[in-house]
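Colleague: Got a predicted structure plus its sequence, pasted below:
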Amino acid sequence: MIQDFKKEGKLVPSDVVVKVLQQAMQRSENEKFLIDGFPRNEENRFSAENVLKIEADLVLFLDCSEEEMTRRLLNRNQGRVDDNIDTIKKRLKVYSESTLPVDGEKSIDEVFKEVKGVFTELDKSQEQSKT
């Protein structure tokens, strides 16, 4: 079912995504998670909060041009059914209609470094609020 949504360039329903996330989180030994591409909208967030019974400490939104996103998707070489130009165009249309943009045009390493810095600062502020 998930593969069908991906192939058509559609968003997987929130309840399905949340169940998959819940299973992965329960199998993990980690207490904190960085979930790439979720939540994409308020409905995703609402579903996650209700099913998982948690609220995100932080949601990062990285803005990146469609050209750069397309380049990265076509070059990730994971053999995914949705990694083709037609499906990517559909996915980007759905994405832009359901999500508000923020910046990620830097190199992947630079974006990672900045995201890591945000989480470091978040950890510091949470530790300070405990004392």
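Modeller: Received the coordinates, thanks.
Colleague: List the buried residues in stretch 3-22.
Modeller: 6, 9, 11-12, 14, 17-18, 21 (16 or more other C-beta atoms under 10 Å). For every residue, glycine as well, the C-beta is placed using N, CA and C.
Colleague: For the residues you listed, give me CSV that also has pLDDT.
Modeller: As requested, the buried residues of stretch 3-22 are exported to CSV (pLDDT from 0 to 100):
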residue, pLDDT
6, 76
9, 76
11, 78
12, 85
14, 87
17, 90
18, 92
21, 92
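Colleague: Relative to residue 66, which of these is nearest.
Modeller: residue 9 (13.3 Å; C-beta to C-beta).
Colleague: Now do the same contact list for the residue nearest the centre of the chain.
Modeller: Geometric centre of the chain, nearest residue: residue 37, 1.2 Å, by C-alpha atoms, centre = their mean. Shown in contact with residue 37 (C-beta atoms under 8 Å, 6 or more residues apart in numbering): no residues.
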